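K.L.:
Make a model of this:
(one chain, ligands or ions: 1)
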Amino acid sequence: MVKENIARIIEEGKEAFALATEEMVFAELEKKYLGRKSDLSDILKGLKDLSPEEKREAGPLANEGRLVLERAAEEARTRIASFKLASEEHIDITVPGRKPAVGHLHPITRLTHEVEDIFSTLGFSVVGGQEVETEFYNFDALNIPSDHPARDMQDTFWIDSEGLDSQYVLRTHTSSVQVRYMEAHTPPFRIVIPGRAFRNEATDASHEHTYHQFECLMVDERGKVTVAHFKHIAEMFFREFFGRDVKVRLRPSFFPFTEPSFEFDISCILCDAKGCPVCKQSGWLEIGGAGMIHQKVFEKAGYDAGKYQGFAWGFGLTRLAMMKYGVTDIRLFMDGDIRFIRQF
Ligand SMILES: [Zn+2]
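P.N.:
Predicted coordinates for the structure are as follows:
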């Protein structure tokens with residue numbers, strides 16, 4: 001008798017919990033099948049009045065039944081909670097859609113592409129290089145004497161190279177690619193090398209430890225590439241880049257890897273060379289250095305002495321970006337502030 005009763009209660013209870021979809025109903029069922037005054041509890045309480053044989057049979061059965069009902073109740077509770085959640089989630093089709101956040105290229109990346117495009121139309125190839133470079137390619141190959149101040153700890157990030165085949169540095173200019181490229185190629189060639197260069201110096205509004213630069217090389221047999229070619233190409237480049245006529249001016253200078261060497265300026269694009277605070281009223285802006293590649297550099301690359309001639313020039317892309325966009329603090333480009341980047 002007791003056995004059948006227990007089985008019936010379990011069957012009924014399981015079914016009832018399986019059908020429950022409302023919290024109120026669930027609470028009632030919980031009371032009825034698992035509460036202190038449930039039928040099952042009554043049976044368990046009455047076990048003491050049964051014969052030992054009935055007790056042995058009914059006891060485990062009732063305990064097991066209680067576990068079965070608890071599991072059924074738990075399932076019902078989870079199901080009811082999820083029903084409730086779904087009914088609370090109203091979908092309002094009149095609410096305007098949310099725009100997915102779409103990024104865009106960093107202004108420096110965009111300008112890099114622009115510069116590459118301009119040089120490509122002038123017949124130049126774009127060449128890459130490595131940022132961690134040996135002391136040889138960064139300094140020695142470029143005819144920079146071993147006691148040159150540029151090698152100073154203050155100016156260069158030296159890399160702990162113990163146990164390596166060479167002494168490594170973070171390249172201080174993209175010129176480090178020059179001899180590497182020449183070792184693998186024979187003139188004539190025209191190349192541009194975009195990339196980052198690094199200087200170990202304190203940062204302020206006009207100094208950064210990381211610069212974006214462009215290096216430009218044009219090499220051919222002796223007499224075929226002259227300073228006039230450089231000037232012409234530079235003028236064409238800046239005219240394209242700034243979208244207006246720009247004059248280029250050369251001033252004599254000195255670099256170990258070029259002879260003759262010059263600094264070059266462009267007519268101030270902010271005031272049309274009339275004079276303004278940015279150009280310090282001179283009408284000219286300093287842009288970079290250039291020169292005819294030193295024969296010693298060709299020799300380091302393994303070229304025959306005196307056979308080739310060409311120009312090299314480098315300029316800071318970050319500086320050009322500042323001019324183009326009227327940005328007065330160089331650090332803004334690299335400090336990762338999204339509010340700054342979003343303006344471009
Ligand atoms: Zn000016």
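K.L.:
ok now the longest strand along the chain, how far from the chain's centre?
P.N.:
Of all the elements of type strand in the chain, the one with the most residues (DSSP state E) is strand 210-221. Relative to its parent chain, strand 210-221 has a centroid offset of 25 Å by CA atoms, centre = their mean, to the nearest Å.
K.L.:
other SSEs contacting it?
P.N.:
helix 107-121, helix 177-184, strand 189-198, helix 227-242, strand 308-316, helix 317-325 (3 or more CB pairs under 8 Å, 6 or more residues apart in numbering; DSSP states H and E). All C-beta spots, glycine's among them, are computed from the backbone N, C-alpha and C.
K.L.:
Comparing the ones you listed, which comes out most buried?
P.N.:
Using mean count of other CB atoms under 10 Å, the stretch among these with the largest mean neighbour count is strand 308-316, at a mean of 22.
K.L.:
could I get that one in PDB with only the CA atoms?
P.N.:
Once non-C-alpha atoms are left out, strand 308-316 reads as follows in PDB (Å, rounded to 0.1, in the frame of the first residue of the first chain):
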ATOM      1  CA  TYR A 308      77.800  55.300 -59.400                       C
ATOM      2  CA  GLN A 309      76.300  58.500 -58.300                       C
ATOM      3  CA  GLY A 310      73.000  59.300 -56.700                       C
ATOM      4  CA  PHE A 311      71.100  61.300 -54.100                       C
ATOM      5  CA  ALA A 312      69.700  60.400 -50.700                       C
ATOM      6  CA  TRP A 313      67.300  62.400 -48.700                       C
ATOM      7  CA  GLY A 314      65.400  61.900 -45.500                       C
ATOM      8  CA  PHE A 315      62.500  63.700 -44.000                       C
ATOM      9  CA  GLY A 316      60.300  63.300 -41.000                       C
END
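K.L.:
average pLDDT for it?
P.N.:
In this model, strand 308-316 carries a mean pLDDT of 93.
K.L.:
Partner strands of that strand and their direction?
P.N.:
Take DSSP bridges as the rule and strand 308-316 pairs in its sheet with strand 210-221 (antiparallel), strand 284-293 (antiparallel).
K.L.:
what does that strand contact?
P.N.:
For strand 308-316, contacts defined as CB atoms under 8 Å, 6 or more residues apart in numbering pick out 173-175, 178, 187, 211-227, 229-230, 234, 257-258, 264, 287-293, 298.
K.L.:
now the strands for this structure?
P.N.:
Along the chain, counting by DSSP E, strands occupy 125-126, 132-134, 158-159, 168-170, 189-198, 210-221, 248-255, 258-267, 284-293, 308-316.
K.L.:
quick one: contacts for I118?
P.N.:
237, 240-241.
K.L.:
ditto for E75
P.N.:
Counting by CB under 8 Å, 6+ apart, E75 has contacts 17-18.
K.L.:
Against which helices or strands is the lowest-mean-pLDDT helix or strand in the chain packed?
P.N.:
Ranked by mean pLDDT, DSSP states H and E, the helix or strand of the chain with the weakest confidence is helix 39-46, at a mean of 82. Packing partners of helix 39-46 (3+ CB pairs under 8 Å, 6+ apart): helix 2-19, helix 23-34, helix 52-88.
K.L.:
distance of P107 from S253?
P.N.:
To S253, P107 is 29 Å away according to CB to CB, to the nearest Å.
K.L.:
Just put the strands of the chain in a markdown table and tack on distance to the ion.
P.N.:
Shown next, in a markdown table, are the strands of the chain (distance: least, CB to the ion, whole Å):
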| stretch | distance to the ion |
| --- | --- |
| strand 125-126 | 31 |
| strand 132-134 | 36 |
| strand 158-159 | 38 |
| strand 168-170 | 33 |
| strand 189-198 | 27 |
| strand 210-221 | 22 |
| strand 248-255 | 14 |
| strand 258-267 | 9 |
| strand 284-293 | 7 |
| strand 308-316 | 18 |
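K.L.:
Columns distance to K324 on top of those strands, output as TSV?
P.N.:
TSV is the format used below for the strands of the chain (distance: least, CB to CB, whole Å):
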stretch	distance to K324
strand 125-126	20
strand 132-134	29
strand 158-159	33
strand 168-170	26
strand 189-198	16
strand 210-221	13
strand 248-255	17
strand 258-267	12
strand 284-293	12
strand 308-316	12
